[in-house]
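> how would this look folded up:
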Amino acid sequence: MMTRIHIFALLVFFHVLLTMASAGEVHVAVAANFRAALSEIVKTFERTTGHTALVSSGSSGKFYAQIKHGAPFDVFLSADVTRPQLIEEEQLAVPGSRFTYAVGRLTLWSTDSNMLKTDGPTVLSKVHFDHLAIANPKTAPYGTAAQQTLQALGVWNHVKDRLVQGENIGQTFHFVFSHNAQLGLVARSQVVDPIINGTGSRWDVPEDLHEPLRQQAVQ
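Numbering: from 1, shown residues only. A predicted model of the protein is given here:
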């Protein structure tokens, strides 16, 4: 969840960008897990400034590759620290503009309210499901966290043949939501979104099972 400090920081960030933008538009690349939260922030931004934020959502890894090849984004809201740091080190960003805007949480989720009546490790170890959705660990930080979690629980070898990989955490969530996968390791923010409102069952992954999901922005 976003704190008021994080929201204020993002609004200030957008205002700073407008001082540099000639057309009154801000082009934003955002990690898929933060798309819904950003929509609310964008409404406030556009209402208070009269300017427009053009938002593209997807995987952090793909946005990083696009920015390296000249994609015209004014701000990049990544799902990790690594990509914004690399962009800064490669002199593709404004020096000193990088900051943490959110800390993500991973959850094991099913649309079936009975699927996760017991704890997640038990469900994963029994493998009473056909497909488990995770984001691509090579391009999506939530995918990396999912793989780390499965390995830490000692179930990776049991479930790896049942994995379906989403290009980003948004597609991963859709695999579960559309019943193409019985379970998925998704962002908790997606499951507690008012549209979903906690439907189904979930097990929140302890944060010590994977590297922290600190999410950073860079200009």
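> now do the strands in this protein.
Ranges of strands in the chain, per DSSP state E, are 25-31, 52-58, 75-77, 99-104, 106-110, 132-135, 163-166, 183-187, 201-204, 213-218.
> mean neighbour count, mean pLDDT and distance to residue 175 for the ones you listed - can I get that in CSV?
For glycine as for every other residue, the C-beta is placed from the backbone atoms N, C-alpha and C. Formatted as CSV, the strands of the chain follow (neighbours: other Cβ atoms under 10 Å; pLDDT from 0 to 100; distance: least, Cβ to Cβ, whole Å):
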stretch, mean neighbour count, mean pLDDT, distance to residue 175
strand 25-31, 23, 88, 17
strand 52-58, 17, 89, 16
strand 75-77, 25, 90, 23
strand 99-104, 18, 86, 19
strand 106-110, 25, 96, 11
strand 132-135, 28, 97, 4
strand 163-166, 19, 96, 6
strand 183-187, 28, 96, 6
strand 201-204, 18, 96, 15
strand 213-218, 22, 90, 20
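> adding distance to residue 119, write the ones you listed out as a markdown table.
Formatted as a markdown table, those follow (distance: least, Cβ to Cβ, whole Å):
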| stretch | distance to residue 119 |
| --- | --- |
| strand 25-31 | 28 |
| strand 52-58 | 32 |
| strand 75-77 | 32 |
| strand 99-104 | 21 |
| strand 106-110 | 9 |
| strand 132-135 | 16 |
| strand 163-166 | 20 |
| strand 183-187 | 13 |
| strand 201-204 | 6 |
| strand 213-218 | 21 |
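> and residue 88, which of the ones you listed is closest to it?
For these, the distance to residue 88 is smallest for strand 213-218, at 5.9 Å, taking Cβ to Cβ.
> can I get stretch 167-174 in CSV, CA atoms only?
Extracted in CSV, the C-alpha atoms of stretch 167-174 (Å, rounded to 0.1, in the frame of the first residue of the first chain):
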residue,chain,number,x,y,z
GLU,A,167,5.5,-11.4,-19.4
ASN,A,168,4.9,-9.2,-16.4
ILE,A,169,3.0,-9.3,-13.1
GLY,A,170,-0.2,-8.0,-14.8
GLN,A,171,-0.3,-10.9,-17.2
THR,A,172,0.5,-13.3,-14.4
PHE,A,173,-2.4,-12.0,-12.4
HIS,A,174,-4.7,-12.4,-15.5
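> contacts for that stretch?
If you take Cβ atoms under 8 Å, 6 or more residues apart in numbering as the criterion, stretch 167-174 is touched by 31-33, 35, 57-60, 62, 79, 109, 133-136, 139-140, 142-143, 165-166, 184-187, 190.
> ok, 7 Å please
32-33, 35, 57-59, 133-136, 140, 142, 166, 184, 186-187, 190 (Cβ atoms under 7 Å, 6 or more residues apart in numbering).
> that older thread, nearest to residue 122, out of the strands of the chain?
Closest to residue 122 of the strands of the chain is strand 201-204 (Cβ to Cβ; 9.4 Å).
> so the residue nearest the centre of the chain versus residue 81, what's the distance?
The centroid of the chain falls nearest to residue 33 when counting by Cα atoms, centre = their mean (3.0 Å). With distances taken as Cβ to Cβ, to the nearest Å, residue 33 is found 15 Å from residue 81.
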